[in-house]
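**Student:** got a predicted structure here, sequence first:
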Amino acid sequence: MASVYPASPAVDPRLLALADQCVMCGLCLPHCPTYRIAGIEAESPRGRIALARALASGTLAPSAAALTHLDQCLACLSCQKVCPSQVQYEEILVRSRAATAPLRPAPTRLQRLLRDPVRLTRLARLAARLRSGRWLPRLARWLPPDSHLRRLAAAQPQPPRPLRLPHLRAAPAPRGTVALFRGCVASVHDRDTHAAARYLLTALGYAVVESAPAQCCGALPRHLGDIDAAARHAAATRAALQASGAEVVLVSASGCYGDLKEQVLADGTPRVVDIHAFLAADPQFAALRFRPLRARAALHLPCTQVNVVGDTAAIGRLLARIPELTVLPLPEQPRCCGAAGSYFLEHAQIAERLREEKLDQAAALAPDLLLTTNIGCRLHLGNGLRQRDAAVPVRHPLALLAQQLENAAS
Ligand code: SF4
Ligand code: SF4
């Protein structure tokens, strides 16, 4: 049978130069979730770099197997984080996926949707309005097994529980304007987190401007190799954030942070800051008071929080302000939970296996709730808990902080 991958990708000298920086030491292998599962070189970072290099230099034909190994990478960047040679794995992966895109079969409808965050957000908004999370997962079993449609239906999240927050006392003096980045799909599914962020920032005296719904950092299409679509979204978002007049853009979803900082606002105007670090560094945050909460909170640290944002201590410092709250970090962080953007839809088997491991680790801690700082992880883990009939809510740490804030007039 004729191959559907007949040609070689155009030679990309930058990709070859980046791949040549890998000294093949293998120190990244134990940190790679797909290598841990499959146990073969082609599912490891070193193997994927070699594959990308061979494809780019034309020494390997772009077979379905070779492209699948590249596609099965979660882009969790645990390899990049530990690499002593500072190999820029993410850029190698994105360039390789982009270069091989024209050689692949035409994208499916779902794949086209995943590359279009504006349409995806519109669909998420419609689904939220129809409360599809309450009924669509039950109907999913009637759809063709192993189909993308079935996975999409089964993954419809429950709407976030609205936060009931009392009125705030007016802050003693205004302290400037900050922008809150809400993202694309997160602007629908992480509404409670954004309400919480606004509340805490207002309590500290900041005026908050919010990015428009569906404004996107471009991470979703970029990681799928659609760098043109990613660049279009980045340009539109850059223009909007620069017009906002804010000096700082705060990000509550770690999955958006890296692209926003490095692709959208690479020149630092306005500055992109992780909201946890921003709050924890604010001396006035120490003056806020929080009501006690006797609960066990398991803390999942997303790959993007550990490997891209790089600051996890701030989250712990913020949560430590809630008296009587026991924070229990999951073991072996940041092992990926399998969400990884749209990965859980396209590589469901691997994603589910990773999620099961994560949920077993969480269950062993007997938590009352599970906390995470990325919307993709929150939805993926929440769906897994629902399938287990486990009544453990998954929330963002900011939602808990806002709920327990005492500095408010009721
Ligand atoms: S990516 Fe880095 S850690 Fe992994 S094999 Fe190459 S040089 Fe070694
Ligand atoms: S990004 Fe993650 S899944 Fe991909 S090769 Fe690196 S460690 Fe493995």
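**Tutor:** Happy to help now that I have it. None of these values were measured; they are calculated from a predicted model. Ligands and ions are numbered 1, 2, ... in the order given.
**Student:** please count neighbours and contacts with C-alpha atoms only from this point.
**Tutor:** OK.
**Student:** show me the helices in the stretch 301-410 of the chain, by range?
**Tutor:** Taking DSSP state H, counting those that start in this stretch as the criterion, the stretch 301-410 of the chain carries its helices at 303, 313-319, 343-346, 348-364, 375-387, 397-404.
**Student:** so which of these comes closest to residue 61?
**Tutor:** Comparing these by their distance to residue 61 (Cα to Cα), the top pick is helix 343-346, with 23.3 Å.
**Student:** what parts of the stretch 1-150 of the chain come near ligand 1?
**Tutor:** Counting by Cα under 6 Å from any ligand atom, the stretch 1-150 of the chain comes close to ligand 1 at 22-28, 45-46, 83-85, 87.
**Student:** among these, which are in reach of ligand 2?
**Tutor:** Okay, of those touching ligand 2 (Cα under 6 Å from any ligand atom), that's residue 45.
**Student:** most neighbours among the residues of the stretch 1-150 of the chain next to ligand 1, which one is it?
**Tutor:** The most neighbours of any of those, using other Cα atoms under 10 Å, belong to residue 45, which has 31 neighbours.
**Student:** thinking again about what came up before, in JSON lines, list the helices of the stretch 301-410 of the chain along with mean pLDDT and distance to ligand 1.
**Tutor:** Below are the helices of the stretch 301-410 of the chain laid out as JSON lines (pLDDT from 0 to 100; distance: least, Cα to the nearest ligand atom, whole Å):
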{"stretch": "helix 303", "mean pLDDT": "96", "distance to ligand 1": "17"}
{"stretch": "helix 313-319", "mean pLDDT": "97", "distance to ligand 1": "25"}
{"stretch": "helix 343-346", "mean pLDDT": "89", "distance to ligand 1": "22"}
{"stretch": "helix 348-364", "mean pLDDT": "96", "distance to ligand 1": "21"}
{"stretch": "helix 375-387", "mean pLDDT": "94", "distance to ligand 1": "25"}
{"stretch": "helix 397-404", "mean pLDDT": "97", "distance to ligand 1": "32"}
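**Student:** TSV for those, including distance to residue 196?
**Tutor:** As requested, the helices of the stretch 301-410 of the chain are exported to TSV (distance: least, Cα to Cα, whole Å):
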stretch	distance to residue 196
helix 303	23
helix 313-319	13
helix 343-346	27
helix 348-364	24
helix 375-387	14
helix 397-404	5
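**Student:** highest mean neighbour count out of the ones you listed?
**Tutor:** Ranked by mean neighbour count under mean count of other Cα atoms under 10 Å, the helices of the stretch 301-410 of the chain are led by helix 303, which reaches a mean of 25.
**Student:** now check that one, is it near ligand 2?
**Tutor:** No - using Cα under 6 Å from any ligand atom, helix 303 stays clear of ligand 2, coming no nearer than 8.8 Å.
**Student:** which residues does that helix contact?
**Tutor:** 76-78, 333-336 (Cα atoms under 8 Å, 6 or more residues apart in numbering).
**Student:** can you do 7 Å?
**Tutor:** Outside helix 303, the residues within contact range by Cα atoms under 7 Å, 6 or more residues apart in numbering are 76, 334-336.
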